[in-house]
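Trainee: predicted model follows, preceded by the sequence.
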Amino acid sequence: MQSVMRTVVLTVLMLMLSMSVAFAEGAKTFGIVPFTVNGPKTFTYLERAIPQMLSSRLFWKDNFIPVDAAALEGISAPANGAEAQKALAASGADYLVYGSVNIIGDQSSLDVRVADKNGKVWPRSASSSLNDMIPTLQNIAGAINTEVFARPGARAQAVADAKERVNQMNPAITVNQTSANQEVYLNPQFRYAGATDSDSRLRSNALRFAAHGMVVADVTGDKKNEVVLLDKHTVRVYNFEKNTLVPVAEVKPSRRYDLLTVRAHDIDRDGVNELIVSGMDNDQAALTFFYTMKNGQLVQFAPNLKMLVNVVPLPPTYLPTMIGQKTRKGGSVLMPTVEELAYSNGKIVASRRVAVPKKANLYNFAWVPDEAEGDKVVVLLPDSEKVAVFNSKFDRMVASDVSYSGSTVSIENDDTMPGLGKDKLLIPSKYYIPMPFVVEDLDHNGKYEVLVNKPISVAAQFFDRYRFFPQGEIHSLQWDGVGLGLQWKTRRIKGGVMAYQIADLNNDGIKDLVVGINTHPGATGFEARKTMVLGYPLDLGKVDPSTAADKSYSEDQ
C-alpha cells in the first residue's frame with residue numbers, strides 16, 4: 001500500500017514539475033532599466049518612478065512578467081540598439097524597455113523603446129504637460145501591450161479590470177475614472193451628476209449669518225462631536241441633531257479684532273479639545289484666544305498669545321501640533337519664522353523653529369507621509385493659489401495647473417518691491433488665508449490623499465480680486481509618482497465652500513466629509529448669505545485595499 005502511495009505522490013510531483021516547466025517556457029519576461037532624465041535635478045526621481053509605473057501596466061499574468069530586480073543591477077539606459085542587445089543578454093530578459101524623458105518648464109517629452117532578442121527595436125514618443133504624464137505613460141503602455149506583446153483585447157481588458165475595481169464605500173463621489181464605463185466612488189454625491197438618495201448626504205438647517213470658519217470636534221467632553229462656526233466677531237458651538245444645528249454656546253472674543261481662523265486641539269491632553277481662535281486688528285497686530293467648555297459656557301483656557309496659530313500634523317510622529325507666526329505692519333504681514341508651540345505652566349509658549357519650504361507659512365502647507373518614495377510637503381502658493389509639491393529636503397518637484405482653496409478670509413499684505421506689482425493705492429494687496437489641507441488615507445492602501453477645495457466662479461476667471469464663489473467641489477489629489485493626480489471629487493456644491501474636514505458629523509460611527517458652505521443669493525445679495533453644513537457619509541469599512549490599484553484620471557481638471 002505504501003509503495004502505491006509513493007508512486008502516486010511521485011507521479012503528482014512530476015506532473016506539477018512538468019506544468020511549471022511548461023509555464024516557464026510559455027511566459028516571456030521583460031526588464032525596464034532606469035530612464036535617462038534630462039531636466040532639473042528635482043526630477044531625478046523619475047529615473048525609477050517611470051519604470052515602476054510601466055512595469056505595473058505591462059504585467060500580464062502567465063504571459064509577460066518582469067524579471068527580478070537583481071537581474072537589472074548595474075544596467076543603465078542603452079544609447080543604441082547594440083547596447084540594448086548587450087543589456088538584454090546581461091539581464092536574461094526577452095524584452096528590454098528603456099528610454100528618456102526631457103523636461104522643459106512644465107512640459108515633458110517621453111521617448112520609450114522596446115528591444116527584443118532578434119534585434120528589433122519598437123520606438124514610441126509622446127509629449128505632454130507634467131500633470132498629464134501618467135495618462136501619457138498609460139497610453140504608451142497600452143500600445144506596447146497591443147503592438148509588441150500582441151496582448152489580445154488589451155484595451156477591452158483594461159476597461160473590464162476597471163469595472164471590477166468598484167469601491168462602494170457609499171452609493172453618492174466621482175472617482176478616478178480610468179475608462180468611460182468605470183464607476184468608482186466613495187459616495188454617490190461625488191459623481192458629477194450626483195445622486196438623489198437622501199441618505200447619501202446630510203444637510204443642516206440654514207443659519208442667518210455667513211460663517212468663514214468651521215471645525216468639527218468634541219469640545220464638551222461627552223465623546224460626541226460638536227460643530228463650531230466662526231464669523232467676524234463670534235464663535236458659536238452647535239450640536240448636530242436630526243439634521244439641525246442646535247445652539248450650545250457662543251462667545252465674542254473682542255470687537256477690536258476681526259476673527260480669521262478657528263481650530264480645535266487637545267492642548268492639555270485630557271481627551272477634550274480646546275478652541276484656538278486667531279484674529280487681527282486694523283494695525284495688523286495678531287492675537288490668538290484659547291477657549292474651553294465649562295458648564296455649558298466657553299471660558300478662557302490660557303492667556304492670549306500675540307501670534308497667529310494653526311494646528312498641523314508634523315513629522316516624524318504626524319501628531320497634530322500647534323504652530324505660530326508673528327505679524328507686523330507694512331510690507332509682508334507675516335514674519336519669516338514659523339515656530340512650534342507648547343503648553344507649559346498654563347501658558348502657550350514657543351518651543352522651537354519649524355522648517356518649512358520657500359513661500360510657506362503657518363497656514364498654507366501640509367506634510368504628506370509616503371513610505372515608498374519619501375514624505376512630501378504640499379504648499380498652496382500665495383501668488384497663484386496653485387498646489388506645489390516639495391520633497392522632504394524642500395526641493396520643488398511640481399505644481400498643479402489649476403488654483404485651489406477659494407478662501408474669502410484675507411489680511412492686507414504688501415509683499416512686492418516698491419514700484420513693482422499691482423497698484424495698491426486704490427485696492428490694497430491682500431493675502432487670502434487658505435483653507436487647511438486635509439491629508440487622509442481614506443482607502444487604507446498606504447497612499448495618502450490631499451483634499452482641497454476647487455472654487456468655481458465665472459466672474460473670478462475675469463476679475464482676480466473677485467472672491468465670492470457660487471459653487472465649489474472638493475477634490476482628492478494623490479501623488480502618483482509624477483504629480484498630483486485627481487482621485488475623486490464631489491459633485492458641484494451649490495454655495496461657496498468656506499471649510500471642510502473628515503469627521504463624524506452626526507455621531508453615528510461613520511466618518512463623513514463635512515463641508516461648510518455659504519449660500520450665494522447673487523451678486524447683489526451678499527448680505528443675505530446663510531450658512532449650512534453638509535455631510536457626505538464615507539463607509540470606510542467597505543474599502544478593499546486590493547482594489548486600490550495604480551490609477552489615473554483622464555478628465556480635464
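Mentor: Sure thing, it's come through.

Trainee: use CA for all of it now, contacts and neighbours both
Mentor: Noted.

Trainee: now Gly446: which helix or strand?
Mentor: Assigned by DSSP states H and E, Gly446 belongs to no helix or strand.

Trainee: what about the helices in this protein?
Mentor: Along the chain, counting by DSSP state H, helices occupy 2-26, 46-58, 81-91, 133-143, 154-164.

Trainee: in the stretch 351-500 of the chain, where is pLDDT below threshold?
Mentor: Applying pLDDT under 70 to the stretch 351-500 of the chain picks out residues 415-428, 458-466.

Trainee: can I get stretch 41-51 in PDB? Just the C-alpha atoms.
Mentor: Provided in PDB are the C-alpha atoms of stretch 41-51 (Å, rounded to 0.1, in the frame of the first residue of the first chain):
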ATOM      1  CA  LYS A  41      17.800  67.800 -10.600                       C
ATOM      2  CA  THR A  42      14.400  67.900  -8.700                       C
ATOM      3  CA  PHE A  43      13.100  65.400 -11.400                       C
ATOM      4  CA  THR A  44      15.800  62.700 -10.900                       C
ATOM      5  CA  TYR A  45      13.200  60.600  -9.100                       C
ATOM      6  CA  LEU A  46      11.600  59.900 -12.500                       C
ATOM      7  CA  GLU A  47      14.600  57.600 -13.300                       C
ATOM      8  CA  ARG A  48      13.000  54.900 -11.300                       C
ATOM      9  CA  ALA A  49       9.400  56.200 -11.000                       C
ATOM     10  CA  ILE A  50       8.700  55.700 -14.700                       C
ATOM     11  CA  PRO A  51      10.000  52.100 -14.800                       C
END
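
Trainee: low-confidence regions, the chain specifically.
Mentor: Checking the chain against pLDDT under 70 turns up 1-26, 153-199, 415-428, 458-466, 522-527, 540-557.

Trainee: again, only using 50
Mentor: 1-25, 154-168, 171-172, 178-183, 192-196, 417-427, 461-463, 543-557 (pLDDT under 50).

Trainee: isn't Asn273 up against Tyr291?
Mentor: No. Contact criterion Cα atoms under 8 Å: Asn273 and Tyr291 do not qualify, at 9.3 Å.

Trainee: in the stretch 451-557 of the chain, what residue spans correspond to strands?
Mentor: 471-479, 484-489, 493-494, 496-503, 512-518, 531-537 (DSSP state E, counting those that start in this stretch).

Trainee: relative to Arg151, which of those is closest?
Mentor: With respect to Arg151, and counting by Cα to Cα, the nearest of the strands of the stretch 451-557 of the chain is strand 484-489 at 27.4 Å.

Trainee: taking the centroid of the chain, which residue is nearest it?
Mentor: Central residue of the chain (Cα atoms, centre = their mean): Val450, 1.7 Å from the mean position.

Trainee: partner residues bridging that residue?
Mentor: Val439, Leu477 (DSSP bridges).

Trainee: what sits against it?
Mentor: Val368, Phe437, Val438, Val439, Glu440, Ser476, Leu477, Gln478 (Cα atoms under 8 Å, 6 or more residues apart in numbering).

Trainee: weed out the non-buried ones from those residues.
Mentor: For the contacts of Val450, a burial check counting by 16 or more other Cα atoms under 10 Å picks out Val368, Phe437, Val438, Val439, Glu440, Ser476, Leu477, Gln478.

Trainee: looking at these, which is nearest Lys494?
Mentor: Comparing the buried ones among the contacts of Val450 against Lys494 with Cα to Cα places Ser476 closest, at 18.6 Å.

Trainee: and the gap between that closest one and Val452?
Mentor: 7 Å (Cα to Cα, to the nearest Å).

Trainee: now swap in Ala49 and tell me
Mentor: For Ala49 relative to Val452 (Cα to Cα), the value is 25 Å.

Trainee: same check, this time on Val237
Mentor: 25 Å.

Trainee: please determine how far Trp479 is located from Val354.
Mentor: Between Trp479 and Val354 the computed distance is 24 Å (Cα to Cα).

Trainee: now swap in Ser200 and tell me
Mentor: For Ser200, the distance to Val354 - Cα to Cα - is 40 Å.

Trainee: cool, Gly31 as well?
Mentor: From Gly31 over to Val354 the distance is 43 Å, taken as Cα to Cα.

Trainee: which one's more surrounded, these two?
Mentor: Ranked by neighbour count (other Cα atoms under 10 Å), Gly31 and Val354 place Gly31 first, with 24 against 15.

Trainee: how about that one: what's its closest non-neighbour residue?
Mentor: What sits nearest to Gly31 in space, not counting adjacent residues and going by Cα to Cα, 6 or more residues apart in numbering, is Leu96, at 5.0 Å.

Trainee: also Thr234?
Mentor: Leaving out its chain neighbours, the residue that sits closest to Thr234 by Cα to Cα, 6+ apart is Lys252, at 4.6 Å.

Trainee: and Ala27, by the same measure?
Mentor: In space, Ala27 is closest to Asn63, 4.4 Å off (Cα to Cα, 6+ apart).

Trainee: next one: Asn38
Mentor: Asn102 (4.7 Å).

Trainee: mind listing the residues bridging to the one you found?
Mentor: Under DSSP bridges, the beta-bridge partners of Asn102 are Asn38, Ser109.

Trainee: likewise for Pro313?
Mentor: Where Pro313 sits in a bridge, its partners, by DSSP bridges, are Pro320.

Trainee: that one: neighbour count?
Mentor: Count around Pro313 with other Cα under 10 Å applied: 16.

Trainee: right, and it touches Trp367 too?
Mentor: Yes. Using Cα under 8 Å, Pro313 makes contact with Trp367 at a distance of 7.2 Å.

Trainee: between those two, what contacts are shared?
Mentor: With Cα under 8 Å, 6+ apart, Pro313 and Trp367 have no common neighbours.

Trainee: against Ile104, how distant is Lys232?
Mentor: For Lys232, the distance to Ile104 (Cα to Cα) stands at 45 Å.

Trainee: which one of the two is surrounded by more residues?
Mentor: A count of neighbours by other Cα under 10 Å puts Lys232 above the other of Lys232 and Ile104, at 18 against 12.

Trainee: sweet, I'm off.
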